[in-house]
Structures are given as C-alpha cells and as structure tokens.
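In: Any chance you could fold what I've pasted below:
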Amino acid sequence: MEISISILYRKMAKMPLMKEEEELFDKWYSEREEHRVYWERFCRQQEKIQERQKSIVNVEVGLVRLKRDYYKVRRRMIWMRVSVAVSIFILMGLIVSFLYQPRQKFYSQVEHKSVIEQENVVLKLSDGKNIVLQDSSTVTTLHEKEAFIQIETGRLHYQMDSVLGDVMAYNELKVPAAGEYQVVLTDGTKVFLNSSSILRYPVVFTGKERRVYLDGEAFFVVEHSEIPFIVETKEEEIRVFGTEFNVMTYAEEKQMQATLVRGSIGVKMKVEPMKDYVKLIPGEQLLVDNQTREISVRKVDVFPYIAWKEGLFVSQNDDLETIMTKIARWYNVNVFYQNSYLKEKKFWGVMKKQDSLEKILEIIAKAGHVKFNVNDRTVIVTE
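Out: Below is the predicted model:
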C-alpha cells in the first residue's frame, strides 16, 4: 500500500492526524519491513535537513495559510487534503530521500560554470504588438479592443468594456522558463500559467462557448456559466462544467495529464474523435500517453500535481527522470544521463522552485549516489 508524504511528515513532527490517517499509518508501518526501514531513514533524513538549515521557513506565513485553508475546508470539503498538504509542505521546506535504499552512501558533488538568466513574460496583443511584462509595484491599465487590461505584478486582469464588437480578438500570454503568471479573463475565470507555457484566449468571450488554447501547463479556476468553457490543447479538448483543475501538456513529457480538484470536466481526443467525453470526478486524473495515445483514468492525491502553483517541486515516488524533466523545464537546461538506469531511481521529496539550480542539484545529489556536472545550460547526471 502507498502513503502520503504529508502524513509521514506530520507523524514525524508530532502534528495532529485525523483518525483515519493514524489508522492508515499504523497499517502501512506494520505491513512490511521495508516500510519500517524507510520510516527510520525518513526521520533521520529530516533531522539532518533541519540541522543543515537548507531551507529558511517562514513559520508565520505558514500558519496564516493554515488558518486560511482550514476556514475554506469548512465550506469545501474537497479541499481538505490539498489545504493541509499545502500548509505542511510550506512549513517543512524540503524532504528528500530515495526510497528503499538503506545501505546507499550519501554524498554531494555539483560542478557548475554559469548562472541561468531568467527571461520575461510577454503579452501579445491582437494587433501583433508584444508587451514585456516586468515585475513592478506600479499598476498600469491599457485598452485592448472591447476590454481594459489591468497589469499588476505577476497578474493580468481583463475587464469588459461597455461596447462589444463583431470580430473576436485574441491575446496570447507566453511564460518563459523559471516564470509563472496569472491571468483573470473577462468572464472571471482565473488561469495560473506554469513555466514554458503559452495561453491564447479571446479578449472578450462571445458566442456559444468560452474557448482557450493551452500549450504547456496551467491551473484553471473556471467561473460558472451556462456557456461551456473549453480548454483546447494540441491533441485534446477539455470541456469544463464549472470547476478547478490542472492541465499538463508539455511535449517533452511522457503523458498528458488532466487532474480534477473540484467540480467536473470531460476530456476527448481531437485526432481520434470520441462520441462522448471521458468525465472525471474530483481526485481523478486522466492520462494520455504521448506515444500510443492510450487513455487511462486513475485516483490520485491532487497536491503533487498542483504544488507548482505554491512554488514547490513535489515528487511522491517519481523516478529521477520525471523530477529532472520538471527541473530542466523550470531552469531552461538540458539533462543527459551517463547511464540510462539512473533515470529509474525512485524519488520522494519537496523542494522550493525559487532556490538556485545549483542548490536544487546539491540537495538531490546528497540524497543518492549521483553526481551533477553543470556547464552553461547542460546538466550531466553520473554515478
């Protein structure tokens, strides 16, 4: 059986668990000797991390978020696990360990020759003009066709003008590596864009549908309406019925993912049209294999798939290749492996996205028998 990393951390930190979580831990702990060995290593590793003070934890901010999320839980029970996990992971900073390798020697060696520079977020207007969106405390407003765009730090907010035209105009928001951005569309829908992503959307929604186009990853909080909201990707179409969900559709990933947090969505393929949408319920994830186009649905803990929105890399028993693909996309680097079996090392951990590439690699290297050599935008993984 599997267990959530947040339960392990709260148990180790002597934080309160719900009755069913205590029962789950007891069952997991007594089930196999490997679980008991891992639990001991987990506790020792966390103690070492705290001693090294690899992470500066803002406890006050964490407690504020905890109280805020607890209040929301009382109204929306589906957010219970997500809210607790967010607060716990913000407080814990990072936990890194490779699973079931008790005799493995820990060491760290990261060689690097350069610092990665961050690019800017770019907004492309309907007339083709590009606007570079830089961090600034000044709020500016511009008029675009039938809407006013309020430009804030890290966010665009669209508001409808009183006059609507006959021609639909589109804007395009491009977020580079190591960047995130939020846009509030004219219908009130909030979209959180992850790094290396592009969102194309109407300045004002008209007609019988609200359709946007995504390349990359985004978290959507869709404003309820009788008019359907549709997220179109290169291969898929996601029909929304008023909901919160995450879509990950990077070309370099093995699978497209649609993860439902709240509400209801339906997904269907564009190349091989299906008669009906595959519908998801909260806590389910739809996967589409990028090679075979095979579709599957599974039950998941949604937190690892939306933690990027909270500024975290989260891996719960993912292989090293999976977590390194996320890191490569965020820091805009290429990763090469000396031996292919290194990709298969299992990884549990939480790391902060705002840390430097060198620090992230050092943390991973300390947790397992790997070494990283960094040269400009190339990372080589070796024994």
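In: Got the phi and psi for Pro228?
Out: Main-chain dihedrals, Pro228, degrees, to the nearest 10: phi -60, psi 150.
In: Looks like it contacts Glu209 (just checking).
Out: Yes. The criterion here is C-beta atoms under 8 Å, and Pro228 meets it with Glu209 at 5.3 Å. For the C-beta atoms, the positions are set from N, CA and C on the backbone; glycine is no exception.
In: Can you pick out the residue with more neighbours from those two?
Out: When Pro228 and Glu209 are compared for neighbours, Pro228 comes out ahead with 15 against 11, by other C-beta atoms under 10 Å.
In: pLDDT below threshold where in the stretch 151-300 of the chain?
Out: Counting by pLDDT under 70, the ranges of the stretch 151-300 of the chain that qualify are 162-166, 271-275.
In: sec struct for Phe347, please.
Out: Under DSSP: H, G, I helix; E, B strand; the rest coil, Phe347 falls in the strand class.
In: Go ahead and confirm it touches Val314.
Out: No. Look at Phe347 against Val314 with C-beta under 8 Å: they stay out of range, at 10.4 Å.
In: out of these two, which sits in the more crowded spot?
Out: Each of Phe347 and Val314 has its neighbours counted (other C-beta under 10 Å); Val314 has more, 25 against 21.
In: Verify the contact between the more buried one and Ala307 for me.
Out: Yes. Look at Val314 against Ala307 with C-beta under 8 Å: they come within range, at 4.1 Å.
In: Next up, the contacts around the closest residue to Glu321 other than its chain neighbours.
Out: Of all residues not flanking Glu321 in the chain, Lys343 sits nearest, at 3.7 Å (C-beta to C-beta, 6 or more residues apart in numbering). Residues near Lys343 by C-beta atoms under 8 Å, 6 or more residues apart in numbering: 319-321, 337.
In: which of these are buried?
Out: Those of the contacts of Lys343 that meet the buried threshold are 320-321, 337, by 16 or more other C-beta atoms under 10 Å.
In: for the residues you listed, which one is nearest Val288?
Out: Taking C-beta to C-beta as the measure, Glu321 is the one of the buried ones among the contacts of Lys343 closest to Val288, at 18.8 Å.
In: Please name the nearest non-neighbouring residue to the most centrally placed residue in the chain.
Out: Ranked by distance to the mean C-alpha position of the chain (C-alpha atoms, centre = their mean), the top residue is Trp308 at 3.2 Å. Using C-beta to C-beta, 6+ apart and skipping residues adjacent in sequence, the residue nearest Trp308 is Asn194, 5.4 Å away.
In: Distance check, the closest residue to Val122 other than its chain neighbours against Phe220.
Out: Spatial nearest neighbour of Val122, chain neighbours left out: Lys174 (4.7 Å); criterion: C-beta to C-beta, 6+ apart. From Lys174 over to Phe220 the distance is 18 Å, taken as C-beta to C-beta, to the nearest Å.
In: Those two: who's more crowded?
Out: More neighbours surround Phe220 than the other of Lys174 and Phe220, with 25 against 22 (other C-beta under 10 Å).
In: Can you classify that one as helix, strand or coil?
Out: Judged by three-state DSSP, the three-state class of Phe220 is strand.
In: Now do the helices in the stretch 251-383 of the chain.
Out: For the stretch 251-383 of the chain, the helices defined by DSSP state H, counting those that start in this stretch cover 303-306, 320-331, 357-367.
In: I would like the C-alpha coordinates for the first one, written out in PDB, please.
Out: Listed in PDB are the C-alpha atoms of helix 303-306, where the atom choice follows Å, rounded to 0.1, in the frame of the first residue of the first chain:
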ATOM      1  CA  PHE A 303      -1.400  18.000  -4.300                       C
ATOM      2  CA  PRO A 304       1.700  16.900  -6.100                       C
ATOM      3  CA  TYR A 305       0.100  17.900  -9.400                       C
ATOM      4  CA  ILE A 306      -0.800  21.400  -8.300                       C
END
